[in-house]
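Asker: Quick one: sequence plus predicted model below, questions after.
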Amino acid sequence: QVQLQESGGGLVQPGGSLRLSCAASGSIFSINRMRWFRQAPGKQRELVAAITSGGSTDYKDSVKGRFTISRDNAKNTVYLQMNSLKPEDTAVYYCNADVFLTIATMHVYWGQGTQVTVSS
C-alpha cells in the first residue's frame, strides 16, 4: 500500500509565502509524474503544477512566476513553494503521483489534502 502525506498548509496574509510538502511511502518501485491540484469551495479540482521524474515542470497560467514545484527523488517527496499568495489561491491542495509498484504496474495515488487560506 502506498500513502501520500501532505504538510505545510495554513493561514497566510496576501503577499505571503507557504511551502507544501508531500511524501510518498510504502511499497514503491519508482514514481513518475507528481502533481499538485487544488479545489476551492464550490469549484472543480484543478491542476496547479506538475513535475516529471527528470525535473521537467508545467504550471497553471495563473501561478506561473509565483509557484515553484520541485521534488527529491531519494525521499519520494514533492514540494510546492508558493510566493506572492493571493486570496484566490485559497483552496484545499492535494498532491497526486503516478507510482510504479513494480516495473509494469502503475497506480495513481492522492494525498488527503491540506488547507491553504490566504486572508488578511
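Answerer: Looks like it arrived, so ask away.
Asker: What's opposite Tyr79 in the beta bridge?
Answerer: Ser21, Ser70 (DSSP bridges).
Asker: let's have the chain start at 221 instead
Answerer: With 221 as the first residue, the last one maps to Tyr299.
Asker: How many neighbouring residues does it have?
Answerer: 20 (other Cβ atoms under 10 Å). Where you see a C-beta, it was placed from the backbone N, CA and C, and this is true even at glycine.
Asker: residue contacts, it?
Answerer: Contact partners of Tyr299, counting by Cβ atoms under 8 Å, 6 or more residues apart in numbering, are 239-242, 289-292.
Asker: Phi first, then psi, for Gly235.
Answerer: phi 90, psi -10 (degrees, to the nearest 10).
Asker: Could you measure from the nearest residue to it once chain neighbours are set aside over to Ser276?
Answerer: Once flanking residues are discounted, Gly235 sits nearest to Ser304: 6.1 Å by Cβ to Cβ, 6 or more residues apart in numbering. Distance from Ser304 to Ser276, counting by Cβ to Cβ, to the nearest Å: 23 Å.
Asker: I am finished for the moment; much appreciated.
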